[in-house]
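Novice: with the sequence up front, the predicted model follows.
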Amino acid sequence: MPVETDLDRRTHTRAPCRVDVREVYGAHVIEGRATNISEGGLYLQRLDERTLEVGDTLSLDIALPAYGRVRVRGVVVKPTSEVFYESAAVRFVELSPLAALRIRRFVFDRGRRPVNGEVLGRIPLVRAAA
């Protein structure tokens with residue numbers, strides 16, 4: 001029986017990114033960064049000390065370059081603690097049609113646009129020094 005991976009369960013195209021994310025938590029605003037995003041969710045890195053748990057609901061403002069800010073609500077599906085920050089995979093549970101459209105366009109454009117001179121998804125081949 002084949003093993004199902006996270007990639008098998010994804011229904012939306014995901015793109016690597018480095019976009020600012022703000023989480024509104026009570027009276028606090030917590031700064032973070034998304035390192036990849038899709039219409040279905042994102043991977044979030046935060047510098048605060050609050051531990052994220054599976055099922056935590058987050059209210060997020062995401063700054064998409066050239067597309068403006070979008071506001072979404074998400075739920076933590078896979079928290080991880082890394083050396084310098086808390087991080088988590090977040091699945092969107094509330095997403096307006098306009099926010100979904102902006103994220104879809106952002107992901108599509110990231111797939112076509114070169115990053116540091118390389119097209120996303122391609123690994124440059126470099127000869128080893130002789």
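Specialist: Arrived safely.
Novice: for the protein, give the strand that spans the most residues.
Specialist: strand 68-81 (DSSP state E).
Novice: for the next helix or strand after that one, buried residues please.
Specialist: Using DSSP states H and E, the helix or strand that follows strand 68-81 towards the C-terminus is strand 86-95. Residues E86, S87, A88, A89, V90, F92, L95 are the ones in strand 86-95 that count as buried (16 or more other Cβ atoms under 10 Å). (C-beta placed from N, C-alpha, C; glycine too.)
Novice: quick one, strands of the protein?
Specialist: Taking DSSP E as the criterion, the chain carries its strands at 15-25, 28-37, 41-46, 57-64, 68-81, 86-95, 114-115, 118-119.
Novice: mean pLDDT for the ones you listed - can I get that in a markdown table?
Specialist: Formatted as a markdown table, the strands of the chain follow (pLDDT from 0 to 100):
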| stretch | mean pLDDT |
| --- | --- |
| strand 15-25 | 88 |
| strand 28-37 | 89 |
| strand 41-46 | 92 |
| strand 57-64 | 93 |
| strand 68-81 | 91 |
| strand 86-95 | 92 |
| strand 114-115 | 46 |
| strand 118-119 | 44 |
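Novice: of those strands, flag the one that's most buried.
Specialist: Among those, ranked by average contacts under mean count of other Cβ atoms under 10 Å, first place goes to strand 41-46 (a mean of 22).
Novice: adjacent strands (with direction) for that one?
Specialist: Paired neighbours of strand 41-46 in the sheet (DSSP bridges): strand 28-37 (antiparallel), strand 86-95 (antiparallel).
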